[in-house]
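Participant: Need the 3D shape of this:
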Amino acid sequence: MTEFFVKVVRKTREALDIAGFELAALDGKPLPPFSAGAHIDVHVCDGLVRQYSLCNDPRETHRYLIGVLRDPHTRGGSGAMHEGVHEGDVLRISAPRNHFPLVPARRSLLFAGGIGVTPILCMAERLAHAGADFAMHYCTREPARTAFHERILASSFADRVGFHFDTGAPSQKLDLAALLAAPDPETHLYVCGPGGFIGHVVDTAKGLGWGGAQIHLEYFAAKAQDRSADAAFDVTVASSGRTFTVPADRTVVAVLAENGVEVPTSCGEGVCGTCITRVLDGVPAHRDVYFTEEEKARNDQFTPCCSRSQSKCLVLDL
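Facilitator: Residues are numbered from 1 along each chain as shown. Next up, the predicted model:
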């Protein structure tokens with residue numbers, strides 16, 4: 001994966017507990033291009049890597065813009081970004097990657113919950129520039145927690161954006177049943193935000209007859225897992241034939257690493273896809289939010305940072 005250094009040329013307060021970071025190349029040259037929905041890996045500090053969606057106009061080549069929510073349950077990433085990264089600092093990042101791309105469609109409906117607005121806003125910029133038919137719905141707890149509020153209001157597509165606040169009047173709440181009442185095979189839905197928000201949009205859409213191929217989503221955090229029934233299993237490294245036991249309280253990645261088999265990781269939660277490993281034999285117990293249900297059903301790859309095994313042994317293409 002291509003990585004390089006950028007400078008933090010501007011740090012802003014975008015909303016309560018949300019900071020914006022504008023990143024530029026050290027030599028002032030254009031940055032690698034990106035498409036709407038893309039993200040970058042940011043090396044926040046030693047050994048700590050986090051993924052952040054790019055939320056500026058994809059036509060811009062002089063900067064990357066990310067928005068970072070200070071998570072009260074942070075594992076170090078958001079806290080370090082808010083408290084330890086300042087204007088003038090240099091960060092190591094990856095080239096943009098996109099697991100949440102726009103697809104050609106007659107119409108697009110964009111749904112953002114909280115900090116999930118970052119890739120959705122980038123999509124709105126791209127669709128507006130292309131003259132495409134779309135509408136955006138942005139849900140937050142209150143105006144003070146609504147990142148990029150003023151930017152959206154000042155944009156060329158402001159009249160296509162609906163704001164929905166938990167603290168607001170009932171008349172302005174998100175009415176998914178009305179918005180999705182008439183399934184249209186030529187319309188695609190995009191949703192990003194907290195797991196509960198994504199689940200609400202996806203379940204409502206499917207319940208009203210929208211096809212799964214029309215629904216595109218991206219999680220920012222993995223779902224909570226019930227680990228009470230976790231048991232030990234074996235993994236075999238195909239290249240060497242060596243087999244290791246993964247205890248109930250440890251991950252495949254951790255066990256492999258202590259035995260000299262390194263698997264690249266980033267989020268550690270099955271969100272980013274960095275650690276994806278091919279499965280040659282056995283049945284994984286998928287715990288990621290990266291793969292689609294169809295991809296999981298093939299059982300030919302898994303995320304060893306968090307997923308486990310339904311079979312006694314998994315043979316990995318390592």
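Participant: Tell me where the longest strand sits in this structure.
Facilitator: strand 3-15 (DSSP state E).
Participant: Relative to it, what are the paired strands and their orientations?
Facilitator: Partner strands for strand 3-15, per DSSP bridges, with pairing direction: strand 18-25 (antiparallel), strand 90-94 (antiparallel).
Participant: which parts of the helix or strand just after the last one are buried?
Facilitator: Tracing the chain C-terminally past strand 90-94 and defining elements by DSSP states H and E, one meets strand 107-113 next. Judged by neighbour count (16 or more other Cβ atoms under 10 Å), strand 107-113 contains these buried residues: Ser108, Leu109, Leu110, Phe111, Ala112, Gly113. C-beta: built from backbone N, CA, C; applies to glycine.
Participant: before we move on, the earlier item: tell me which residues are up against the longest strand of the chain.
Facilitator: Contacts with strand 3-15, where a contact means Cβ atoms under 8 Å, 6 or more residues apart in numbering, come from 19-26, 31, 41, 43, 63-64, 67, 85-95, 144-149.
Participant: CA-only coordinates of it in CSV, if you can.
Facilitator: Taking C-alpha atoms only, strand 3-15 is exported to CSV below (Å, rounded to 0.1, in the frame of the first residue of the first chain):
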residue,chain,number,x,y,z
GLU,A,3,2.0,5.7,1.9
PHE,A,4,3.4,9.2,2.2
PHE,A,5,3.6,12.2,4.5
VAL,A,6,1.3,15.3,4.6
LYS,A,7,1.2,18.4,6.6
VAL,A,8,-1.8,19.5,8.7
VAL,A,9,-2.3,23.0,7.2
ARG,A,10,-5.5,23.7,9.0
LYS,A,11,-7.4,22.3,12.0
THR,A,12,-11.0,23.5,12.7
ARG,A,13,-13.8,23.0,15.1
GLU,A,14,-16.6,21.7,12.8
ALA,A,15,-19.1,20.9,15.6
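Participant: so how far is it from its chain's centroid?
Facilitator: 19 Å (Cα atoms, centre = their mean, to the nearest Å).
Participant: what does stretch 182-202 give?
Facilitator: Distance, centroid of stretch 182-202 to centroid of chain: 15 Å (Cα atoms, centre = their mean).
Participant: Good, we can wrap up now.
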